[in-house]
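Peer 1: Let me see the structure of the following:
(one chain, ligands or ions: 1)
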Amino acid sequence: MGSVEHGLGRFFFLYGHGGTGKTYLYNTIIAKLRSQHKIALVVASSGIAATLLPDGSTGHSRFKIPIDVDASSTCKVKKGTHLAELLQQTSLIVWDEAPMTHRFCFEALNSLLGGDFRQILPVIPGGGREETLNASIIRSPLWAHCNLLCLQENMRINSDAVNQEAIFNGMTFAQWVLTVGNGLLPVRSLDENSERSWTTIPHYLILPPNGTSIQPVVDFVFHGLVDFYRSVSYLKNRAIITPQMKQCLPLMMLFFPTFLRNPRTTTT
Ligand SMILES: Nc1ncnc2c1ncn2[C@@H]1O[C@H](COP(=O)(O)OP(=O)(O)OP(=O)(O)O)[C@@H](O)[C@H]1O
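Peer 2: As a prediction, the model looks like this:
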């Protein structure tokens, strides 16, 4: 905040593993700046993360960054346009999920970046480990000037938990996810040509989509579906994500009994 107030133009990276409160902190900073009638532009690398931020959009769309970037790429912002004027008046740019985006995109502008390097890194088609690392923000000349801020405590466990057992389960899961992210689990390759990047998920963390243990998850996430299935705000805050499409079907079958118990007639 001091950097914005005094126009110092410093460059920050907010680093923290999942649930440590990065989004919460961005929202707090943005609310504070906007309450002072300052302009904070808020973007994320993916559209889904952008929806969690106030007036968020994707970095590529907001700054007219070319899809195929290289070291000489620039933002396609024309002189004298609304966007050019907006950028000139902007006090702070917040970019969530920054580790997912190619470093060339940040070299085209200055911003407060944030994210977790254990999550998704830039995707380089056909590239290996070295190409991915090379595309990462940590290989950018900007990184040497970056003020690194670290969030350590997992806030999600306490905010989501309803009792001691839920806190314990949340901590066990969070610890396992961290161990995966830190590369500390035993890994193996599927065949002799592929990288050693496969690990075994403990049995207690797996909910088979056609088993009975998934039903409480469906009931929890889509509680009240029969009454609210037409409500956009109800639906846009809920999702159950499966690793593959084929696992969706058995999961969807769990929804139908709910509707069958409560038939509705609609006219077209
Ligand atoms: N300082 C705080 N005080 C109270 N609750 C907080 C605080 N920080 C975060 N939380 C709560 O903890 C939960 C996780 O926070 P948040 O979504 O901001 O984490 P994150 O680091 O962005 O996670 P991810 O990397 O998975 O997106 C949210 O429910 C949020 O409301």
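
Peer 1: alpha carbons only for contacts and neighbour counts from here, please
Peer 2: Will do.

Peer 1: Name the SS class of residue 91, please.
Peer 2: strand (DSSP: H, G, I helix; E, B strand; the rest coil).

Peer 1: got the phi/psi numbers for residue 148?
Peer 2: phi -90, psi 120 (degrees, to the nearest 10).

Peer 1: ok, then the element right after the helix or strand harbouring residue 170?
Peer 2: Element membership of residue 170 [criterion: DSSP states H and E] is helix 164-181. Downstream of helix 164-181, the first helix or strand assigned by DSSP H and E is helix 215-221.

Peer 1: how far does the next helix or strand along the chain from that next one sit from the chain's center?
Peer 2: Following helix 215-221 in sequence order, the next helix or strand is helix 225-228 (DSSP H and E). Centroid separation for helix 225-228 versus its chain: 28 Å, with CA atoms, centre = their mean, to the nearest Å.

Peer 1: List the buried residues of helix 225-228.
Peer 2: Buried residues in helix 225-228, counted by 16 or more other CA atoms under 10 Å: residue 225.

Peer 1: Give me every residue in the chain lying close to the ligand.
Peer 2: When proximity is defined as CA under 6 Å from any ligand atom, the chain approaches the ligand at 17, 18, 19, 20, 21, 22, 23, 24, 155, 156, 159.

Peer 1: what about 8 Å?
Peer 2: 16-26, 49, 115-116, 154-160 (CA under 8 Å from any ligand atom).

Peer 1: Buried subset of those, written for PyMOL?
Peer 2: Buried residues among the residues of the chain next to the ligand (16+ other CA under 10 Å), as a PyMOL selection:
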select buried, resi 16+17+18+19+20+21+22+23+26+49+115+116+154+156+157+158
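
Peer 1: Just the residues of the chain next to the ligand: which are in helices?
Peer 2: In this view, these that belong to helices under DSSP state H are 22, 23, 24, 25, 26, 49, 155, 156, 157, 158, 159, 160.

Peer 1: farthest pair in those residues?
Peer 2: Taking CA to CA as the measure, those span a maximum distance of 21.8 Å, between 49 and 158.

Peer 1: what domains does the record give for the protein?
Peer 2: What automatic domain parsing lists as the domains of the chain is 2-151, 207-262.

Peer 1: Could I get the pLDDT score of residue 263?
Peer 2: We have a pLDDT of 61 for residue 263.

Peer 1: shift numbering so it begins at 611
Peer 2: From this message on, residue numbering opens at 611, which makes the last subject residue 873.

Peer 1: quick one: least confident helix or strand in this structure?
Peer 2: Least confident helix or strand, the chain: helix 866-871 with a mean of 63, by mean pLDDT, DSSP states H and E.

Peer 1: looking at it, residue 644 is touching residue 650, isn't it?
Peer 2: Yes: look at residue 644 against residue 650 with CA atoms under 8 Å: they come within range, at 6.9 Å.

Peer 1: Just give me the residue right at the centre of the chain.
Peer 2: Nearest to the mean C-alpha position of the chain, by CA atoms, centre = their mean, lies residue 659 at 4.6 Å.
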